[in-house]
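*Asks:* output the structure for:
(2 chains)
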Number of protein chains: 2
Amino acid sequence: MSKLVNSVREAVALAGLKDGMTVSFHHHLRNGDFVLNMVMDEIAKQGIKDLTVNASSLFDVHAPLLNHIQNKVVTGLAADYISAGLGRAISQGILDKPVQFRTHGGRPKDIATGKTPIDVAFIAAPAADAMGNCSGKYGKSACGSLGYAYADAMYAKKVVVITDNLVAYPLQDWSISESYVDYVVQVEAIGDPKGIVSGTTQITRDPVGLIMASHAAKVIEASGLLKDGFSFQTGAGGASLAAAKFLKDIMLAKNIKGSFGLGGITGYMVDMLQAGCFQSLLDVQCFDLKAVESLRTDPRHQEISAMHYAAPGERSAVVDNLDVVILGATEIDTNFNVNVHTDSNGVIMGGSGGHSDTAAGAKLSMIIAPMFRARLPIVTNQVTCISTPGKDIDVLVTQGGIAVNPAKVELRQRLLEAGLPVVDIHELKEKTERITGVPRKLPHGERVVAEVIGRNGDLQDQIYSIR
Amino acid sequence: MSKLVNSVREAVALAGLKDGMTVSFHHHLRNGDFVLNMVMDEIAKQGIKDLTVNASSLFDVHAPLLNHIQNKVVTGLAADYISAGLGRAISQGILDKPVQFRTHGGRPKDIATGKTPIDVAFIAAPAADAMGNCSGKYGKSACGSLGYAYADAMYAKKVVVITDNLVAYPLQDWSISESYVDYVVQVEAIGDPKGIVSGTTQITRDPVGLIMASHAAKVIEASGLLKDGFSFQTGAGGASLAAAKFLKDIMLAKNIKGSFGLGGITGYMVDMLQAGCFQSLLDVQCFDLKAVESLRTDPRHQEISAMHYAAPGERSAVVDNLDVVILGATEIDTNFNVNVHTDSNGVIMGGSGGHSDTAAGAKLSMIIAPMFRARLPIVTNQVTCISTPGKDIDVLVTQGGIAVNPAKVELRQRLLEAGLPVVDIHELKEKTERITGVPRKLPHGERVVAEVIGRNGDLQDQIYSIR
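*Replies:* Predicted coordinates:
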């Protein structure tokens, strides 16, 4: 018995894809992904129209999607993150219907509950057998975790696995089981390894970044949370990595045995695991080769689904037990609302990803960002888009001071006692504007081009077209 | 955050259990299980009535359930297997409603599709953290795989994990994730290790068993299926284990590299893995300590859910790619229908478990059984209960000859060419009856005490009360 079919074309036909349906993709191959374009090109050739694409994230490599939008093959988009190349076209109004932005936790929840049903899910699989058992850990296109693909596989009406590494049945150490898979397609390549995982992710050498990172580590040290059992998530940006490095030094010096590291995992988190800072890593996405290798070989480093990672709801997700998360921002306002969807000019260039989920769950959610970028201040009166509500953000770390959410009285006190440069966020804003001047906000266009759906399913904000 | 509650009583109350609902249990702790009785006693104390118990299997240790049935706390039973102690009372008509027997694959399918909804699932967990991540691999009550519990956890409205080994969050190497768990209860002991796993499972020394085992291995050798990539399942009975031992010798002598061993796993299957006869073991249930240890430490030995193991349906399960399964029987008729639910007198003392699932999936499904037990012949004109339909059974191996299903012309030819003692099943029946005499069939009672639901969901047979 085998589920192998000859081509993507055949899989699309067998899956019964028709006008008006929804197809889904996951983003573990990131900017190296070939699968979304391969599938959408084939769908377009077959003359199918009016589809919704529900992708956990979209990157610049997916620019051909814009042609399919112009040709009405695709008329709806849902994603947790859309990079600048596609984002600009969306902000210019290429789609008639607003994009639906969700969070990494909200997306699988809405798929599981049937709020956003998927007709056909396409799973890019670095290793698979002919029955559809598949994994991201093995093969020339190895990406590590397949965490974002679980909900798609489990709940889509039809599931197509696309692989460039067909192995003998049964694949050992599968992530997604054949129980969920209808068809398997073997192709030459599912991605470009150079775009899938960066060989190394580098700590910042920028002096401003290093100051922020040092502040960030000291805030964590002073917060009272850095003790045995500590849990932590950080991003893959240079300053976040530097913060992790500084934190590691503190943990080793103080002999603190943390519990777990969470999220998208980098080699720096692997270093912390190996140094004994954590007992385990829970990995929804690998950011570099070292993380992939660790996930493959170290039983303390485990893959988790996006649901287990971050889904909101009555049960739980790992984010609910997270101590500290370090996050970024393109803007933050004086109410601590954070924007990561658009730039200061309102052009889409990102999305929440796990931002809102971790901020809501973590005991300490910290934004690190420079006071300004290209003469645009980070602190503003009102963010262009509320990606994560201010009630979930505890502290902003910049090179020019540390602003604490006024609701966090005890935290502010602790940071003051530790001698950290605490400033009021309004002061920080004024201090920045003395350098940059007060930027003129560009007026936005008339049309709503995207809806930002908060992690609990409510409409949290709308993003307008640009003029 | 924590889901710990103080007692089973509190968990039952919080889960909102009410009259008429369905509760579920899994059977990995087998005859050492304390959890079902502990929970049902508490439910009875609270005065809740008219419940259905959906258990993957029931053993003699669950005899207190009979009191709850008499007191109308329990008015419905669904199980894949019911051992003799409880079975006799059911055959005597203790329940008003017929028991629903399913297969190990059909049960999770019906739970997943909502045909048999579960209100509250109770998961006996040898290791768990306070959020409900749990595993069967670790702790004093370690049972290995939790394969049968996945569907209960994934689809029940409320899920209660009961553990005697609460570990720090997050449990590494979880089987069932916190995403599915509502409450966690810590208790003194969830089971008696002596009843959970036998220390060792022994190959038969009975000469009749050894003849059957030798025949069985030779049938597999002659079948044409024993080549590189071979896959195999066998049970934990003495003759089945002996057959595995003989098969191992043949595989090693011929340097055959099999693919996978499947099912309930014994130390003998672990030996075959370690000897290179298989590349992996797929484990829905561990039968002995050696299997538990192997599952815990050898990455080639993987846990699978009952769904992945055996569920029927449009997608697939591992049984669909199984080459050979060795199964037992209490009766087999001249149409090759097999009974494993009752003894020859019609008294319930078993159930399909994975019998029908593997027989339907395997390329070669073999029954091994002695010609007679206690002067009752194994071959009969018509089985008391059709547990597995004859169309799915290929060959019957006894000490007095090997009967091939007439539909399997090629197999019969191969066995004859190999010089094996092939007999017509009618001849085998007559040969046996010359020794035992023709037994008088006892007339059954009037009432239907159990329905046997075939793996595809149809009513396959009914079991009547005994007089």
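*Asks:* where does the residue lying closest to residue A:276 once chain neighbours are set aside fall, secondary structure wise?
*Replies:* Distances taken as Cβ to Cβ, 6 or more residues apart in numbering or on different chains place residue A:257 nearest to residue A:276, at 6.6 Å, with adjacent residues excluded. No exception for glycine: its C-beta is placed from N, CA and C like everyone else's. Using DSSP states H and E, residue A:257 is not contained in any helix or strand.
*Asks:* give me the neighbour count for residue A:257.
*Replies:* When neighbours are counted by other Cβ atoms under 10 Å in any protein chain shown, residue A:257 registers 13.
*Asks:* ok, residue A:133 next?
*Replies:* Residue A:133: 29 neighbours (other Cβ under 10 Å).
*Asks:* how about the contacts made by it?
*Replies:* For residue A:133, the contacting residues are A:169, A:170, A:171, A:174, A:176, A:177, A:178, A:181, by Cβ atoms under 8 Å, 6 or more residues apart in numbering or on different chains.
*Asks:* one more pass at 6 Å, please.
*Replies:* Contact partners of residue A:133, counting by Cβ atoms under 6 Å, 6 or more residues apart in numbering or on different chains, are A:170, A:171, A:174, A:177, A:178.
*Asks:* with residue A:405 instead?
*Replies:* A:336, A:394.
*Asks:* let me know the pLDDT of it.
*Replies:* With respect to pLDDT, residue A:405 scores 98.
*Asks:* with residue A:303 instead?
*Replies:* 98.
*Asks:* work out for me the element the closest residue to it other than its chain neighbours sits within.
*Replies:* Distances taken as Cβ to Cβ, 6+ apart put residue A:145 closest to residue A:303, at 4.5 Å, once the chain neighbours are dropped. Assigned by DSSP H and E, residue A:145 belongs to no helix or strand.
*Asks:* please state the backbone phi and psi of residue A:145?
*Replies:* The phi and psi values for residue A:145, taken as degrees, to the nearest 10, are phi -60, psi 150.
*Asks:* contact partners for it?
*Replies:* Residue A:145 touches A:136, A:283, A:284, A:285, A:286, A:303, counting by Cβ under 6 Å, 6+ apart.
*Asks:* identify the farthest-apart pair in the residues you listed.
*Replies:* Maximum pairwise distance among those (Cβ to Cβ): 11.1 Å, between A:136 and A:284.
*Asks:* check which helix or strand covers residue A:10.
*Replies:* Counting by DSSP H and E, residue A:10 is part of helix A:8-14.
*Asks:* leaving out chain neighbours, which residue sits closest to residue A:270?
*Replies:* With Cβ to Cβ, 6+ apart, the residue lying closest to residue A:270 is residue A:294, at 4.4 Å.
*Asks:* now do residue A:426
*Replies:* residue A:334 is the one closest to residue A:426 (Cβ to Cβ, 6+ apart), at 5.7 Å.
*Asks:* wait, isn't the one you found in contact with residue A:425?
*Replies:* Yes - the pair residue A:334 / residue A:425 is scored as a contact, 5.2 Å apart, by Cβ atoms under 6 Å.
*Asks:* for the helix or strand bottoming out on mean pLDDT in chain A, C-alpha coordinates in CSV please.
*Replies:* Within chain A, confidence by mean pLDDT, DSSP states H and E is lowest for helix A:193-196 among all helices and strands, at a mean of 88. Extracted in CSV, the C-alpha atoms of helix A:193-196 (Å, rounded to 0.1, in the frame of the first residue of the first chain):
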residue,chain,number,x,y,z
PRO,A,193,18.9,25.0,2.3
LYS,A,194,20.6,28.4,2.3
GLY,A,195,17.2,30.0,2.8
ILE,A,196,15.8,27.4,5.2
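*Asks:* which SS class is residue A:112?
*Replies:* Three-state call for residue A:112 (DSSP: H, G, I helix; E, B strand; the rest coil): helix.
*Asks:* give me the pLDDT value at the most centrally placed residue in chain A.
*Replies:* Against the mean C-alpha coordinate of chain A, by Cα atoms, centre = their mean, the closest residue is residue A:353 at 3.3 Å. We have a pLDDT of 96 for residue A:353.
*Asks:* any idea of the pLDDT on the closest residue to it other than its chain neighbours?
*Replies:* Excluding the flanking residues, the one nearest residue A:353 by Cβ to Cβ, 6+ apart is residue A:81, at 4.9 Å. For residue A:81, the model assigns a pLDDT of 98.
*Asks:* CSV for the contacts of residue A:133, including secondary structure, neighbour count and distance to residue A:376?
*Replies:* What follows is the contacts of residue A:133, written out as CSV (DSSP: H, G, I helix; E, B strand; the rest coil; neighbours: other Cβ atoms under 10 Å in any protein chain shown; distance: Cβ to Cβ, whole Å):
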residue, secondary structure, neighbour count, distance to residue A:376
A:170, coil, 24, 54
A:171, coil, 27, 49
A:174, coil, 22, 47
A:177, coil, 23, 48
A:178, helix, 28, 50
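*Asks:* a markdown table please, covering those and showing pLDDT and distance to chain B.
*Replies:* Below are the contacts of residue A:133 laid out as a markdown table (pLDDT from 0 to 100; distance: Cβ to the nearest Cβ, whole Å):
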| residue | pLDDT | distance to chain B |
| --- | --- | --- |
| A:170 | 97 | 6 |
| A:171 | 98 | 9 |
| A:174 | 97 | 8 |
| A:177 | 97 | 5 |
| A:178 | 98 | 5 |
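*Asks:* the stretch 351-467 of chain A: strands as residue ranges?
*Replies:* Remark: strands assigned in the stretch 351-467 of chain A by DSSP state E, counting those that start in this stretch are A:364-368, A:372-373, A:376-377, A:379-380, A:395-398, A:401-404, A:422-423, A:448-453, A:459-464.
*Asks:* strand partners (parallel or antiparallel) of the fourth one?
*Replies:* Strand partners for strand A:379-380, identified by DSSP bridges, are recorded as strand A:331-333 (parallel).
*Asks:* and the next element down the chain from the strand it pairs with?
*Replies:* Using DSSP H and E, the helix or strand that directly follows strand A:331-333 along the chain is strand A:338-339.
*Asks:* from the middle of its chain, how far away would that following strand be?
*Replies:* Distance of strand A:338-339 from the chain centroid (Cα atoms, centre = their mean, to the nearest Å) equals 15 Å.
*Asks:* now stretch A:90-104
*Replies:* Worked out by Cα atoms, centre = their mean, stretch A:90-104 lies 17 Å from the chain centre.
*Asks:* touching chain B at all, that stretch?
*Replies:* No - using Cβ under 6 Å from any Cβ of the partner chain, stretch A:90-104 never reaches chain B; the gap is at least 13.9 Å.
*Asks:* low-confidence stretches in chain A?
*Replies:* A:199-200 (pLDDT under 70).
*Asks:* show me what from it comes close to chain B.
*Replies:* Near chain B, when you scan chain A using Cβ under 6 Å from any Cβ, you find A:1, A:131, A:169-170, A:172, A:177-179, A:260, A:280, A:307-308, A:315-316, A:320-321.
*Asks:* just those residues: which are in helices?
*Replies:* Among the residues of chain A next to chain B, the residues falling in helices (DSSP state H) are A:307, A:308.
*Asks:* which of the residues of chain A next to chain B are buried?
*Replies:* Among these, those classed as buried by 16 or more other Cβ atoms under 10 Å in any protein chain shown are A:131, A:169-170, A:172, A:177-179, A:260, A:280, A:307-308, A:315-316, A:320-321.
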